[in-house]
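model this:
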Amino acid sequence: VQLQASGGGLVQAGGSLRLSCGVSGSTFSSLALAWFRQALGKEREFVAAISRSGGSTNYQDSVKGRFTISRDSAKNTVSLQMNSLKPEDTAVYYCAAREGLIYSSSRYVNYWGQGTQVTVSS
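Alright, predicted model coming up:
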């Protein structure tokens, strides 16, 4: 399975960004998908996840109400819409996939994409 993330960049606090991740090499509907992030000097942390059907989502408490994860089975992509961005959202964001149920821990990830940098200036 290959995951290709895009959409990162530099934005001012309060602004928005949309990350996308193209998925190939597996049956898209068999994969639960997620976004993680890693700030400089910190451990990688869970951000959001979406189930195989798209009917269930999980979010880290700090992003609830600001971030929205979605998936498009026609395009084999998973997206993360990020609104009301804060400087503490600055990190490298990674898309991730698991063959199975929705998850919120990196221990369950089967496949990782390369990261995309998100920088939020104050």
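
Ramachandran coordinates for the residue most central in space within the chain?
Nearest residue to the geometric centre of the chain (CA atoms, centre = their mean): Trp35, 2.3 Å. Main-chain torsions, Trp35, degrees, to the nearest 10: phi -120, psi 140.

Isn't it up against Tyr94?
Yes. Between Trp35 and Tyr94 there is a contact at 7.0 Å, judged by CB atoms under 8 Å. (C-beta placed from N, C-alpha, C; glycine too.)

Could you find the closest non-adjacent residue to Ser70?
Ser79 (5.2 Å; CB to CB, 6 or more residues apart in numbering).

about what we covered before: can you pull the contacts of the residue nearest to the centre of the chain?
The contact partners of Trp35, taken as CB atoms under 8 Å, 6 or more residues apart in numbering, are 19, 21, 47-49, 69, 78, 80, 93-96.

give me that answer again for 10 Å
Contacts for Trp35 (CB atoms under 10 Å, 6 or more residues apart in numbering) come out as 5, 19, 21, 46-50, 59-60, 63, 67, 69, 78-80, 82, 93-96, 113, 116.
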